[in-house]
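Q: Here is a sequence with its predicted model. Questions after.
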Amino acid sequence: IEIESATNDPAAVFLTIILVELLMAGATHAGWDILAGAGQELVLGIVFGVAGGFLLTFMINRVDLPPGLHPVFVVASAIVIFAFTSVLHGSGFLAVYLAGLVVGNRPVRALAAITSFHDTVTWLCQIVMFVMLGLLVSPHSLVDSILPGLGVAAFLILLGRPATVFLCLWPFGFSLREKLFVSWAGLRGAVSIFLATIPMLAGLPGAHTYFNIAFIVVVTSLLLHGWTLALAARRLDVALADPLREPQRFEIDLPGQSEHELVAYPVAAGTVGIRADLLPDWARMVLVVREGKVLGPEEAGLLLARDYVYLLTPPQRVHQLDRLFMLEELVWGQDAAFPFAGEIRLGDIGELYGLPIPPRDQDFTVAAAFADRTDDRPAPGMRIVFGHAAIEVRQVENGRVTLAALRLEREDAGRGTQFIQGFLRLARKGRNQSDTF
């Protein structure tokens, strides 16, 4: 739903401006001229937006600014990108949107401060926008538009959005309950009312009627959806019974730590077998908060449900840590587990399955790798993650791993043929090693 909102608003602004220009041109200008101008705005908006985003990322990481000025610098740069693109007859809205996408998906300094500042400013802007738009509404003029507005709202809520959602989500395997919930979650906001002011500013005939109908649709949606969304989630059984806190990211402004940031994760109930020794080499566990107590990594041992763990990691690798702390069924395929003996070399596993095994682990057996990381205290359920898969302990005898399994991510579970062939070759190799012993 967040992705839908982020993509719909820029497209809606662009289409509204094009349609208003077509209506203003009428029969005096060829439609192709308007479309050519729209194409120019689209191309220039994309070019200057992407280029401006990369330039802004470079400047944030290279220019030394006092603490607290990075968010202000980003806002000022966004205004410059918008103005520069608009002066050259490009789409400033599209340019700023794309620049924000680039900056938000690149490793930048002070990202936590920038994100927090923009979240706050976003809420403030929405409040101010609703107040300003409310001043444009004349209650007596809404009377004539109530029935048409309610009719449009009923069509969009009951027919238009559900039909669109079911068609768009059909190829992606969403359940009926999820589709129904997304259909009901079509909240209209201030952007819709803002777009309705564009015909008014252009002086189009009937513009006040457009604005009044849009206002009624938005208010109806906010009241109906806003008050019933949580109830709909519970009735459709898509609400989280015990939602965990979102991961938090903290900037570290220490000498020599510009390439790292502190990330805090809640440990879900379905997450098992995670401890400091089993984390990737590029991630370092700093502390664990358990029942209000602060513990060191060694003191904490295996992470428990409801723990809150703080890790130091490069910003570009944070998404890889996300997988470790998600619920097991959301990450690992249920039918994608290939068992093998603990004496198999990690190098052989990496070669057969295309896993990025670090050079220092190439000659380790599975049992030796877990013994090295757990001080000879491995337990069933522990995992070592290598790329898109994880090696999981299945059986332990006398403190040594005797049986393990390769668990694949859900998106990789479908590549069954390749992994089954690798598993058969690995099984033959394991039998040969057993015969040798």
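A: The structure has been received and is ready for your questions.

Q: Enumerate the positions of stretch 213-233 that are buried.
A: Of the residues in stretch 213-233, those with enough neighbours to count as buried (16 or more other Cβ atoms under 10 Å) are Ile213, Ala214, Phe215, Ile216, Val217, Val218, Val219, Thr220, Ser221, His225, Ala232, Ala233. Glycine gets a C-beta too; all of them are placed from N, C-alpha and C.

Q: Surely the second one and Phe194 touch.
A: Right, Ala214. No. Counting by Cβ atoms under 8 Å, Phe194 is not a contact partner of Ala214; they are 9.3 Å apart.

Q: Quick one: the helices in the stretch 1-150 of the chain, in order.
A: In chain order, the stretch 1-150 of the chain shows helices spanning 2-25, 31-62, 70-87, 92-104, 111-135, 139-142, 146-155, with DSSP state H, counting those that start in this stretch as the criterion.

Q: Output the contacting helices and strands for the longest one.
A: It stands for helix 31-62. For helix 31-62, the packing partners by 3 or more Cβ pairs under 8 Å, 6 or more residues apart in numbering; DSSP states H and E come out as helix 2-25, helix 70-87, helix 92-104.

Q: Pro199: what secondary structure?
A: helix (DSSP: H, G, I helix; E, B strand; the rest coil).

Q: And for it, the neighbour number?
A: If you count neighbours by other Cβ atoms under 10 Å, Pro199 ends up with 22.

Q: does Met285 count as helix, strand or coil?
A: Here Met285 is strand, with the state taken from three-state DSSP.

Q: if I look at it, how far off is Val267?
A: 12 Å (Cβ to Cβ, to the nearest Å).

Q: Spell out which residues are contacts of both of those two.
A: Here Met285 and Val267 have Val309 as joint contacts, going by Cβ atoms under 8 Å, 6 or more residues apart in numbering.

Q: on that earlier part again, among the helices of the stretch 1-150 of the chain, show me which one is buried the most.
A: Stretch with highest mean neighbour count among the helices of the stretch 1-150 of the chain: helix 92-104 (a mean of 21; mean count of other Cβ atoms under 10 Å).

Q: which regions of the stretch 201-350 of the chain lie under the pLDDT threshold?
A: Applying pLDDT under 70 to the predicted model, the residue ranges of the stretch 201-350 of the chain that meet it are 240-259, 269-273, 319, 323, 326-338.

Q: in it, which spans are helices?
A: Assigned by DSSP H, counting those that start in this stretch, the stretch 201-350 of the chain shows helices spanning 207-235, 297-300, 318-324, 328-331, 346-353.

Q: by contact count, what packs against the helix or strand following the last one?
A: Toward the C-terminal end, the helix or strand that comes next after helix 346-353 (DSSP states H and E) is helix 366-374. Contact partners of helix 366-374 among helices and strands, from 3+ Cβ pairs under 8 Å, 6+ apart: helix 346-353, strand 383-386, strand 389-397, strand 400-409.
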